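# Provide a 3D model corresponding to the input given below.
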Amino acid sequence: MKRLLYVLYVLVIAIVLIPKEKMFYTLEGVLAENQIFLNNETLSDRFISLEIDNTQVMADHLNVASIKQMRFTPWIIYNRFSLSEIEVSPQFRTFFPGKADNVVVSYSILHPLSLSIRADGDFGSCEGSADLIKGTVRVVFAQTPKLRNYPLLVLKLHQEKEGMVYESDF
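Presented below is the predicted three-dimensional model:
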């Protein structure tokens, strides 16, 4: 019992002391290599998570989207990156849904080779995964009338038993 408490204590200390801001700036660096920039963000370290508020997403010097809040929770055995209230710029709404209420990307050491993806928004809802070894993404969209409002997105989907499926490589 004493060893278990000691392990839990060390785990909690490690979670609190993880350099969360450094991890975010590393993410910004990776995005910058692909000409995607995050601007005007406000960072708040909340001990067990990092909150990033009011972020503008720029690509090729164009405003692509605004994100009201991002939250990064690195809990070592289960990590989660959530985005709330994503608003796509009007000039890109023909390619992407105009608004996403929530997007959650999670990673667990129980499934170390994949990321789990969930999202809700103007398009309805979707769930998917990204295989980190194969470099593939598979997202299943629920068939809703809302999804039909985005014909360019629907063109990239194919019908399967689970719903409308998007698959791509990265």
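
# show me the strands in the protein, by range?
Along the chain, counting by DSSP state E, strands occupy 36-39, 42-45, 50-59, 62-74, 78-88, 99-108, 111-121, 124-131, 136-141, 158-160, 163-169.

# report the buried residues of the fourth one.
By that I understand strand 62-74. Within strand 62-74, the residues that count as buried by 16 or more other CB atoms under 10 Å are 64, 65, 66, 67, 70, 71, 72, 73, 74. In this view, the C-beta of every residue, glycine as well, is placed from N, C-alpha and C.

# wait, the first one sits on residue 90?
To tie it back to what came earlier, the one meant is residue 64. No. Here residue 64 does not reach residue 90: they are 11.0 Å apart, not a contact under CB atoms under 8 Å.

# what's across from the spatially most central residue of the chain in the sheet?
In the chain, the centroid-proximal residue (CA atoms, centre = their mean) is residue 105; its distance is 4.4 Å. When bridges are called by DSSP bridges, residue 105 pairs up with residue 81, residue 117.

# same question, residue 72
residue 50, residue 81.

# any idea how far it is from residue 147?
According to CB to CB, to the nearest Å, residue 72 and residue 147 sit 29 Å apart.

# phi, psi for residue 89 please.
Backbone torsions for residue 89, taken as degrees, to the nearest 10, come to phi -60, psi 150.

# and the pLDDT at it?
pLDDT for residue 89: 95.

# who are the contact partners of it?
In this structure, residue 89 makes contact with 62, 63, 64, 65, 66, judged by CB atoms under 8 Å, 6 or more residues apart in numbering.

# residue 165 - how many residues pack around it?
For residue 165, the neighbour count with other CB atoms under 10 Å is 17.
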